[in-house]
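**Q** just to be clear, the model below is a prediction. Sequence and coordinates:
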Amino acid sequence: MIRLLPFILIPVIIVSGLGYWRYLAGKQNLIAPKQTGSQVDQAPIEVPKTLPAVSTAEPVPQVNNLKSPSPQVSISSSDDSKIKDLESTIIDLKTRIAVLEKPTVSSPVAKSPLYIPLGASGGPWLYADWTSLNEYQVSINPDNYTDYVSMQLEANFRLVGAPGTGYARLYNLTDKSAVASEISTTSTSFGVLTSSAFKLASGQKLYTIQVKSTSSQDLYIQSVRIKVNF
């Protein structure tokens, strides 16, 4: 056994030596880069005195290209027509609203005419000059007809025969003055005649009808009244 020991130890020693040698070689390789790096770090760094000019003109187009393009909205002819119709409808609605918002001015209600009767069914009369007819009288105060505009004499009368002309007018018995209300006819048939407009004197007055005819023709009166206009 002792004789075999040298043969066992010699290979072990050789293997151990080779392993130690490899260990030292690997350790030196790890240390060498660190020293090189430290030497590089210790070397002074030279800074250039002038820096290259930097232009912003070139990056601007590139930056603009990076921006997202704005969406392009395409409007068809049908959509354009609908928009125009909508705008027209809005304008029409605004016009109607403006009309509705205007204050309504109430127009005064027109009053219907009033009639003051003087008498009916009289005659025949044959007068060549103006003559008052006592059968046709009425007392009138125009102040009782507030806001009246005018009055008119209406008479339905005729002549008995032709030729000739029959006349009639309103007469103020109180003031003994004729009212500008003369009417005339040449017809032998009854017909309503209306005088021009007039206004009566203020206050309570007594009025009658005066008549006359030409060519010796009798005159008949069916009805007489005064029309009050407002």
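**A** Ah, there it is.
**Q** run through the helices of this protein in chain order.
**A** 5-42, 59-66, 77-101 (DSSP state H).
**Q** lowest average pLDDT across these?
**A** Out of the helices of the chain, helix 59-66 stands lowest, with a mean of 59 (criterion: mean pLDDT).
**Q** now do the domain split for this structure, please.
**A** Here the domain assignment for the chain is 1-30, 114-229, based on automatic domain parsing.
**Q** winner for burial among these?
**A** Comparing the domains of the chain by mean neighbour count (mean count of other Cβ atoms under 10 Å), domain 114-229 ranks first with a mean of 16. C-beta here means a position set from N, CA and C on the backbone, and glycine is covered the same way.
**Q** roughly how far is it from the heart of the chain?
**A** Taking Cα atoms, centre = their mean, to the nearest Å, one finds domain 114-229 lying 54 Å from the centre of the chain it belongs to.
**Q** how far away is the most centrally placed residue in the chain from residue 91?
**A** In the chain, the centroid-proximal residue (Cα atoms, centre = their mean) is residue 98; its distance is 2.4 Å. Residue 98 sits 11 Å away from residue 91, going by Cβ to Cβ, to the nearest Å.
**Q** now residue 134
**A** From residue 134 across to residue 91, the span is 73 Å (Cβ to Cβ).
**Q** which of the domains of the chain sits closest to residue 102?
**A** Of all the domains of the chain, the one in closest proximity to residue 102, counting by Cβ to Cβ, is domain 114-229 (27.9 Å).
**Q** quick one: average pLDDT of that closest one?
**A** On average, domain 114-229 scores 96.
**Q** for the remainder of this discussion, apply numbering that starts at 19.
**A** I'll keep to 19 as the first residue from here, and by that count the last item is domain 132-247.
**Q** could you tell me the end-to-end distance of it?
**A** 7 Å (Cα to Cα, to the nearest Å).
**Q** of the domains of the chain, which is nearest residue 98?
**A** domain 132-247 (60.0 Å).
**Q** residues contacting residue 172?
**A** Residues counted as contacts of residue 172 (Cβ atoms under 8 Å, 6 or more residues apart in numbering) are 133, 210, 211, 212, 213, 242, 243, 244, 245.
**Q** circling back: TSV please, covering the domains of the chain and showing distance to residue 120.
**A** TSV is the format used below for these (distance: least, Cβ to Cβ, whole Å):
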stretch	distance to residue 120
domain 19-48	102
domain 132-247	28
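**Q** of the ones you listed, which is nearest residue 94?
**A** With Cβ to Cβ as the measure, domain 132-247 is the member of the domains of the chain nearest residue 94 (66.1 Å).
**Q** roughly how far does the residue nearest to residue 201 when sequence neighbours are not counted sit from residue 199?
**A** Distance criterion Cβ to Cβ, 6 or more residues apart in numbering; nearest residue to residue 201, sequence neighbours excluded, is residue 211 at 4.3 Å. Residue 211 sits 11 Å away from residue 199, going by Cβ to Cβ.
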